[in-house]
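S.K.: The sequence and its predicted three-dimensional model are supplied below.
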Amino acid sequence: MGQKHLNSVHVDHFKNTAACATEVMPIPETVCISMSQHIGAPCKPLVKKGDAVKVGQLIGDTDAFVSAPIHSSVSGTVKEIKTMRNIMGGNDQMVVIETDGKQEVSEDVKPPVVDSFEDFIKAVRASGLVGLGGASFPTHIKLNPRNADECHDLIVNAAECEPFITSDHRLMLENADSILDGMEAIMKWIDLDHGYLGVESNKPDAIENLNKEIAARGLSDKIKVHVLRSTYPQGAERVMIYEVLGKTMKAGELPAQHGVILSNVTTIAFLGQYLKTGRPLTTKRVTIDGSAVANPKNIIVPIGAHIADVIEACGGYKAEPRKILMGGPMMGRAIYSDEQPIVKNNNAILAFAFEGDAKRFDIKEETGCIKCGRCVSACPFKLMPVSIAAAYDAKDAAKLDALQVMQCMQCGSCSYICPARRPLAFINQMAKGVVKEAQSK
Amino acid sequence: MANKYHSNLVVSASPHMVSPTDTTKIMGTVMLALVPALAVGVYQFGIRALVLTVVCMVACVGFEYLFNMIMKREQTVGDLSAALTGLLIALNCPSSLPLNIAIVGCFCAIIVVKQLFGGIGQNVVNPAVTARIFMFIAFATEMTTWPLSRISHVTEAVNPDGITGATALGQLGHGDGTLASVEYSNLDLFLGNCGGCIGEISAIALLIGGLFLIWKKIISPIIPATFIATVFVLGLIWGGIDGALFHIFAGGVMLGAFFCATDYVTSPTLPMGKVIFGIGCGVITMIIRIFGSYPEGVSFAILLMNILTPFIDNFCEKRAFPLPKPAKGGDK
């Protein structure tokens, strides 16, 4: 059967760190743990200035439904509870902890006892797990869909289609057992029939390693590696579901509505590990790369470590950083200061110096649209960014709605491909605002 | 503490990376693809063809530079679009065209057609094609005086001056309207051993350039394929396989189909629109060639389809979406 593919673009991979075995970062002097590391209500700090804390100790929680608890990543003393501007422009409460370097583990850290689906969901919440692929949606909600009995497939998103990032790749090479543990647990407790690991074809060693692990466990008929093309954005939720199962999912829908549980590979692997050790989410494997970083590498960092300290652990800056990204260059966010701490969903920190690389990475002067149509053929959902931009200029909400701008998922393919360097994805985002405003009237 | 952190970082919306292909690179690649056609032209018509080409390119870039300077607009000559227009104008003219006429043509293309409509991307019609038509009508004699090519098998229909002769399509128009009145073989037309505009004589050179652009993904194959196929099919009806080959190799079909009709700005964006556009160009070309009083119709065909492009785009846009329209109100 000739499989149909959604449109995608060839984005240079820049997977410079794919061969770098993961290192562990030395514990920094202070960490700064945000109380808002998930979509939903922020947590309230459960510790106060002067309290002694241990690794894995609960330091933030809330009763709100959409939330996940927060644990200390270090042992030491709470220095202060402060408010800091986050990268989205809002203000977050942060627990600043002065470390003692002993990394004493809290007594509360013990493997969860799971005898039922309810226990399983409770354990997932207690682990503090959120979607680690980027959205940071609390995992215990995702794994507890209203129509659980209609769900049959588990898709593990291991595409890692963003340039530069190799942390998932390293995970698949170094911790394939945890990934399979996590998949087996989810498939057992939600009673799913099939599991798929969506991996891009540019990681043949990871695919081989996963296949070996699947075969060793005798799961070949239940769990399969689905090899994706190495084009962007294979790792987007809606693209992944289409490529693996051929199902079209619209914006605003949930995978569960299509009978699918979809989660990022790091999330799954953490879950597998947690069910064995009971150690909550306090560290993250991140890729540190970019032209300003002296020794790009994959490194396991405590959540809350300042980005400046993490870069220091990678040999520091070799050139003055001009732009630092949390995440990849396609959908990552530019941060305003490297004082920002690592949060749960970080998978990469990229620092660019704009010296040899300004042509590709610096902000570009926008030139006139030549109507080449590259944006149209790049869009996975066949939207027409060129027409959307024209309708946005006219603030024509009805036209924008007709052009289905609300389906845009901000993958950035249109902006990437535009030879006139127009910020089309950004215009789409602004255009969504125009449509929403018109609809709310 | 104050200096420990870098807090003067650039913050912008994602994506933070762009493809290496920008407008300048696209225009440069198209010019590169025209080099074989230019080379054949210079070989066949001598150094005068090269002089005309350089003058047109310099004139176009100069007009754009001056216009931007006088109007206090951002300088856009760096995108090479004006240079490409100059090159296309020259390739669409006979090599003997007086330079002052060529410069007037460049003025028409850059100032009237392009800049007065708002510069790159805003023009309604193709500047080079419009300039050619303007010169063709305003300076009819100069634009239809065709120097003989270096390798020319023509022996009889040579003008008394011994220097100029008619093009293949001209011979067709002046003769009895059948292939018998054409003195060039289809092979001559394919290789470029014939009279005509600098850049249009050699079908093979244009084909090489056009396929290069398709391979480089600079142009979509849809417009050239439908344009040429339409001419071919209508030529088949008109005069069998010889007639079909004659019509795709003679005149400006190859140059027009690969390099003028595919101009992004003035052709439809969506594949279905490109099909309509290509077929339209082919049909109008053949109507003018067979029934019209002008021997050649490619430029008029492209110009007419350029004007229809916004309507074609609008027509196709409404049929483009694979996703059903989300229900009003959604999942509130």
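M.R.: Structure's in. What do you need?
S.K.: Pass me the low-pLDDT residue ranges in the chain, would you?
M.R.: If you meant another chain, say so; for now it's chain A. A:1-3 (pLDDT under 70).
S.K.: Switch to chain B, please.
M.R.: Judged by pLDDT under 70, the stretches of chain B that qualify are B:1-3, B:151-164, B:319-332.
S.K.: Nearest the middle, which residue of it would you pick?
M.R.: B:Cys260 (2.0 Å; CA atoms, centre = their mean).
S.K.: I figured that residue hits B:Pro127, correct?
M.R.: No: applying CB atoms under 8 Å, one finds B:Cys260 not in contact with B:Pro127, separated by 10.0 Å. Heads up, the C-betas are built off the backbone N, CA and C, glycines and all.
S.K.: Where do the domain boundaries of chain A fall?
M.R.: A:117-277, A:374-440 (automatic domain parsing).
S.K.: Any idea which of those gets closest to chain B?
M.R.: Closest to chain B of those, according to CB to the nearest CB: domain A:374-440, at 3.4 Å.
S.K.: Could you check how far that closest one is from the centre of its chain?
M.R.: Here domain A:374-440 shows a centroid-to-chain-centroid distance of 23 Å under the convention CA atoms, centre = their mean, to the nearest Å.
S.K.: Ok, stretch A:331-349 next?
M.R.: Distance of stretch A:331-349 from the chain centroid (CA atoms, centre = their mean) equals 11 Å.
S.K.: measure it end to end?
M.R.: For stretch A:331-349, the first-to-last residue distance is 12 Å (CA to CA, to the nearest Å).
S.K.: hmm, it in reach of chain B?
M.R.: Yes: interface with chain B: stretch A:331-349 contributes A:331-339 (CB under 8 Å from any CB of the partner chain).
S.K.: Among the residues you listed, which one lies nearest to B:Ala33?
M.R.: A:Met331 (34.9 Å; CB to CB).
S.K.: residue contacts, that closest one?
M.R.: Each residue near A:Met331 by CB atoms under 8 Å, 6 or more residues apart in numbering or on different chains is listed here: A:134, A:162, A:233, A:410-412, B:14-15.
S.K.: Repeat that for A:Ala389.
M.R.: With CB under 8 Å, 6+ apart, A:Ala389 has these contacts: A:369, A:422, A:424, A:427, A:431.
S.K.: separation between it and A:Val286?
M.R.: Plainly put, A:Ala389 is 34 Å away from A:Val286 if you go by CB to CB, to the nearest Å.
S.K.: A:His140: helix or strand, and which one exactly?
M.R.: helix A:139-142 (DSSP states H and E).
S.K.: Please report the number of neighbouring residues for B:Ile111.
M.R.: 16 (other CB atoms under 10 Å in any protein chain shown).
S.K.: same question, the one 3 residues further on
M.R.: Counted with other CB under 10 Å, the neighbours of B:Lys114 add up to 31.
S.K.: Quick check: the gap between it and chain A.
M.R.: In this structure, B:Lys114 and chain A are 11 Å apart, going by CB to the nearest CB, to the nearest Å.
S.K.: Stretch B:84-91 and chain A in contact?
M.R.: No: using CB under 8 Å from any CB, stretch B:84-91 never reaches chain A; the gap is at least 11.3 Å.
S.K.: any idea how far that stretch is from the chain center?
M.R.: Chain-centre distance of stretch B:84-91: 9 Å, with CA atoms, centre = their mean.
S.K.: buried set for it?
M.R.: B:84-91 (16 or more other CB atoms under 10 Å in any protein chain shown).
S.K.: and for that stretch, what are the contacting residues?
M.R.: Contacts for stretch B:84-91 (CB under 8 Å, 6+ apart): B:27, B:30-31, B:34, B:37-38, B:41, B:49, B:52-53, B:55-61, B:102, B:105-106, B:109-110, B:114, B:127-128, B:131-132, B:197-200, B:255, B:259-260.
S.K.: still on that earlier bit, of the contacts of A:Ala389, which ones also sit close to chain B?
M.R.: Within the contacts of A:Ala389, those near chain B by CB under 8 Å from any CB are A:Cys369.
S.K.: What subset of the contacts of A:Ala389 is buried?
M.R.: Among the contacts of A:Ala389, those buried by neighbour count (16+ other CB under 10 Å) are A:369, A:422, A:424, A:427, A:431.
S.K.: Quickly name whichever of the residues you listed is closest to A:Ile349.
M.R.: Nearest member of those to A:Ile349, counting by CB to CB, is A:Leu424, at 26.1 Å.
S.K.: show me the contacts for the closest one.
M.R.: A:375, A:385-386, A:388-389, A:414-415, A:418.
S.K.: Same question for A:Ser67.
M.R.: A:38, A:40-43, A:61, A:138.
S.K.: The same query, at a cut-off of 10 Å, please.
M.R.: Contact analysis of A:Ser67 by CB atoms under 10 Å, 6 or more residues apart in numbering or on different chains lists A:36-43, A:60-61, A:125, A:128, A:130, A:138, A:140-141.
S.K.: packing partners for the next helix or strand after the helix holding A:His140?
M.R.: Counting by DSSP H and E, the next helix or strand C-terminal to helix A:139-142 is strand A:153-158. Where contact means 3 or more CB pairs under 10 Å, 6 or more residues apart in numbering or on different chains; DSSP states H and E, strand A:153-158 is packed against helix A:167-174, helix A:176-189, strand A:194-200, helix A:204-216, strand A:223-228, helix A:237-245, strand A:260-264, helix A:265-277.
S.K.: strand partners of the fifth one, parallel vs antiparallel please.
M.R.: Paired strands of strand A:223-228, with direction, are strand A:194-200 (parallel) (DSSP bridges).
S.K.: now the strand it pairs with against helix A:265-277, angle please.
M.R.: Per axes from the mean of the first three to the mean of the last three CA atoms, to 10 degrees, the angle that strand A:194-200 makes with helix A:265-277 is 130 degrees.
S.K.: Flag every buried residue along the helix ranked longest in chain A.
M.R.: Across chain A, the longest stretch assigned as helix under DSSP state H is helix A:424-440. By neighbour count with 16+ other CB under 10 Å, helix A:424-440 contains the buried residues A:424-428, A:431-432, A:434-435.
S.K.: what ranges do the helices span in the chain?
M.R.: Going with chain A. With DSSP H as the criterion, chain A has helices spanning A:117-126, A:139-142, A:167-174, A:176-189, A:204-216, A:237-245, A:265-277, A:307-312, A:358-361, A:374-378, A:385-393, A:397-402, A:413-417, A:424-440.
S.K.: wait, chain B
M.R.: With DSSP H as the criterion, chain B has helices spanning B:23-45, B:47-70, B:81-91, B:99-107, B:127-138, B:140-143, B:168-174, B:186-191, B:203-215, B:222-249, B:253-255, B:271-291, B:298-317.
S.K.: which of the residues in the shortest one are buried?
M.R.: Within helix B:253-255, the residues that qualify as buried are B:253-255, counting by 16+ other CB under 10 Å.
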